[in-house]
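Student: For reference, the sequence and a predicted model appear below.
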Amino acid sequence: MKPMGTIPAEYAGAPLLIAGRDAEAWAEAAGDTPLFVYDVDAVARRVARFRSAFPHVDLHYAIKANPYPPLLAAMAPLVDGFDIASAGELARVGSLKRGAAISFAGPGKRWDEIEAAIRASVTINLESEGEAGRVIAIGDRLGIVPRVAVRVNPEIELRGSGMRMGGRASPFGIDSDRAAAVAGQMIEAGADWRGFHIFAGSQALDEGAIIETQAETLALAARLSEAVGITPPLVNLGGGFGIPYFPGEVPLDVESVGAALAERLRDVPAVLAGTRFAIELGRWLVGEAGVYLTRVVDRKTSRGETFIVTDGGMNHQLAATGNLGTVVRRNYPVAVATAAADVPREIASIVGPLCTPLDRLADRVEIARAEPGDLIAVFMAGAYGLSASPAGFLGHNPPREMLAGVPDVTNVIFTSPQA
C-alpha cells in the first residue's frame, strides 16, 4: 500500500457530498462522466480568508490555474484583478474586468497579442528588452499609449517552492540589474508605467520561506524604484502559496504570512509610500475547490494486484497521474465517491482508459471496494486540471465541467471542446 494526500475538509460523507449534493446527483445533472465540479462557495471562503489576512493588499487571480468561463464570471466580483498569459485568456476575461485590472505576463507574446492588449488597455508585464521595444513600436503605430510594468527576474528564489522562478537565468522577466533601466526607458518613451511584477516561485507550503521572500521582494522593489526615481503605482509581489497535495504536507499558515507582510508595509521606504501592492494567486484560491469525477468501467486482477479502470484519466487530470513536473510520483487524495461507509476496503490502483502505463490516477491506495458503475473522486482538481492536460490524446470524449454554488447548476454545464 502507498499513502495518499489528505481529502480537503470541504468534502465529507459516504457517499461523498460535494457542495451539499452527492456525487451521483452531480453526474446525473451533467448527463455524463467524466466531470469536473467546482465549488464557488469554497473559492469565496478562500477569498474571505485572504482579505482577512491581507486587508491592505490587492488580490489578483492567475487564470492559468483554471480558466473555466463560468468560474471566471463568478470570481470577477471577488478579486481585484486578473493575470493572464495569452490573448486567448484575455478573450475570456476582457468583458469581466476593465483593462487596467488585467495584467498580461509570459514570454513570447506575439505582435497580435500585444496589439490586442494595448487596445484593451491591459497592463503588459515586459519579459525582455526586445519585447519592450515591440510594445513601444506597436503603441506608436496604433496611436495608443501602452500600459506597461516590468517583470523582474530577481536574484532571490522562493525556498522550497515547487517551481522556482527566480535566482537563475530565465526566460521570464528582465534581470534585476537591468529592470530599472528598462523602466526608465519606457517612461522616457511615453509609456504608462504601472510598476513592477516580481515573482520568485510557486507552490510553497513553508510560510517562513514566503515571509522571507516577500521581505526581500519589497527591498528589491524599493531599490529599483529609487533607481527609476519614480514611485511605482503597483508592485505585484507574486504569489507562491501552495496547497497540500501529497502525504505529509501541511496547509500553509497564510495568517502568519499576512501578519508579517502587514508589519513590513507599515514601514516601507518613502519611495514606496504611495504604492499599492498585490498578490497573485491561482491554485491556492481554486485548487481544493475542484473535484474530478470519473466512472468505473471495469475491475480486474492481474498477478495479484487489483485495478479499477475508469472512463477518464491523464487526458483530463494529468497532474494527478504524476506527469506534470513531478519528479517522484505520489498519490493525490482519491475516494470511491458512491461507496457507503460500511463498504469493505481494499488495496487497488486506479487507472484511466488510455493505452499507456502513465495513465494511473492512484497507485496501490487503500479505498472502498469499487465496482463498475461506481464513481471515483479525485480531489485537488480545481487547478491545473483539464486545461493543463492532453484532452485530445487518443480521441476520448471531453469531460463536462460544472459550477456548484450558483442558483441553477444545470445552466452552467460546459463541455470542453475536443483538442
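Tutor: All right, it came through fine. Numbering: from 1, shown residues only.

Student: so how far is residue 237 from residue 335?
Tutor: Per CB to CB, to the nearest Å, residue 335 is found 36 Å from residue 237. In short, each C-beta sits where N, CA and C put it, glycine included.

Student: and what of residue 367?
Tutor: Per CB to CB, residue 367 is found 40 Å from residue 237.

Student: who's more crowded, these two?
Tutor: Higher neighbour count among residue 367 and residue 237: residue 237, with 24 against 21, using other CB atoms under 10 Å.

Student: List the contacts of the more buried one.
Tutor: Residue 237 makes contacts with 57, 198, 214, 217, 218, 261, 277, 278, 279, 280, as judged by CB atoms under 8 Å, 6 or more residues apart in numbering.

Student: give me that answer again for 10 Å
Tutor: 54, 57-58, 196-200, 210, 213-214, 217-218, 221, 261, 277-280 (CB atoms under 10 Å, 6 or more residues apart in numbering).

Student: Output the one helix or strand residue 291 maps to as PDB, restricted to C-alpha atoms.
Tutor: Using DSSP states H and E, residue 291 sits in strand 290-302. Output in PDB follows, covering the C-alpha atoms of strand 290-302 (Å, rounded to 0.1, in the frame of the first residue of the first chain):
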ATOM      1  CA  GLY A 290     -12.500  21.200  -7.600                       C
ATOM      2  CA  VAL A 291     -13.300  17.500  -7.700                       C
ATOM      3  CA  TYR A 292     -12.900  15.300 -10.800                       C
ATOM      4  CA  LEU A 293     -15.500  12.500 -11.000                       C
ATOM      5  CA  THR A 294     -14.900   9.500 -13.300                       C
ATOM      6  CA  ARG A 295     -17.000   6.400 -13.700                       C
ATOM      7  CA  VAL A 296     -15.600   2.900 -13.000                       C
ATOM      8  CA  VAL A 297     -16.000   0.800 -16.200                       C
ATOM      9  CA  ASP A 298     -14.000  -2.300 -15.300                       C
ATOM     10  CA  ARG A 299     -12.400  -4.100 -12.400                       C
ATOM     11  CA  LYS A 300      -9.600  -6.600 -12.900                       C
ATOM     12  CA  THR A 301      -7.000  -8.600 -11.100                       C
ATOM     13  CA  SER A 302      -3.500  -9.000 -12.600                       C
END
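
Student: So which bits of stretch 63-80 are buried?
Tutor: Going by neighbour count (16 or more other CB atoms under 10 Å), the buried part of stretch 63-80 is 63-68, 70-75, 78-79.

Student: Correction: the previous question concerned stretch 1-20.
Tutor: Residues of stretch 1-20 classed as buried by neighbour count (16+ other CB under 10 Å): 4-8, 10-11, 14-19.

Student: Need the max-distance pair from those.
Tutor: Pairwise distances across the buried residues of stretch 1-20 peak at 22.4 Å for 4 and 19 (criterion: CB to CB).

Student: Residue 383 versus residue 17, what's the distance?
Tutor: Taking CB to CB, one finds residue 17 at 21 Å from residue 383.

Student: circling back to that earlier point, taking the buried residues of stretch 63-80 one by one, which sit in helices?
Tutor: Secondary structure assignment by DSSP state H places 70, 71, 72, 73, 74, 75 of the buried residues of stretch 63-80 in helices.

Student: show me where the stretch 151-300 of the chain has helices.
Tutor: Secondary structure of the stretch 151-300 of the chain (DSSP state H, counting those that start in this stretch): helices at 176-188, 207-228, 254-265, 283-286.

Student: Report all helices and strands that the shortest one contacts.
Tutor: Other helices and strands packing on helix 283-286, by 3 or more CB pairs under 10 Å, 6 or more residues apart in numbering; DSSP states H and E, are helix 40-53, strand 58-62, helix 69-75.

Student: any idea how far the longest one is from the chain center?
Tutor: Going back to what we said before, that points to helix 40-53. The gap between where helix 40-53 is centred and where its chain is centred comes out at 15 Å by CA atoms, centre = their mean, to the nearest Å.

Student: Could you report the pLDDT at the residue lying closest to residue 215 once chain neighbours are set aside?
Tutor: Of all residues not flanking residue 215 in the chain, residue 264 sits nearest, at 6.0 Å (CB to CB, 6 or more residues apart in numbering). The model reports residue 264 with a pLDDT of 95.

Student: Quick one: neighbours of residue 264, just the number.
Tutor: For residue 264, using other CB under 10 Å, the count is 15.

Student: How much space separates it from residue 63?
Tutor: Distance from residue 264 to residue 63, counting by CB to CB: 28 Å.

Student: picking up where we left off before, paired strands for the strand holding residue 291, with orientation please.
Tutor: strand 35-39 (antiparallel), strand 305-310 (antiparallel), strand 375-378 (antiparallel) (DSSP bridges).

Student: Turn those into JSON lines, including distance to residue 179, mean pLDDT and mean neighbour count.
Tutor: Below are the strands paired with strand 290-302 laid out as JSON lines (distance: least, CB to CB, whole Å; pLDDT from 0 to 100; neighbours: other CB atoms under 10 Å):
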{"stretch": "strand 35-39", "distance to residue 179": "37", "mean pLDDT": "97", "mean neighbour count": "26"}
{"stretch": "strand 305-310", "distance to residue 179": "48", "mean pLDDT": "98", "mean neighbour count": "19"}
{"stretch": "strand 375-378", "distance to residue 179": "41", "mean pLDDT": "98", "mean neighbour count": "26"}
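
Student: Residue 41 and residue 78 touch, don't they?
Tutor: No - counting by CB atoms under 10 Å, residue 78 is not a contact partner of residue 41; they are 11.3 Å apart.

Student: Could you check which helix or strand contains the nearest residue to residue 322 once chain neighbours are set aside?
Tutor: Closest residue to residue 322 apart from its sequence neighbours, by CB to CB, 6+ apart: residue 329 at 3.4 Å. Element membership for residue 329, per DSSP H and E: none, as it lies in no helix or strand.
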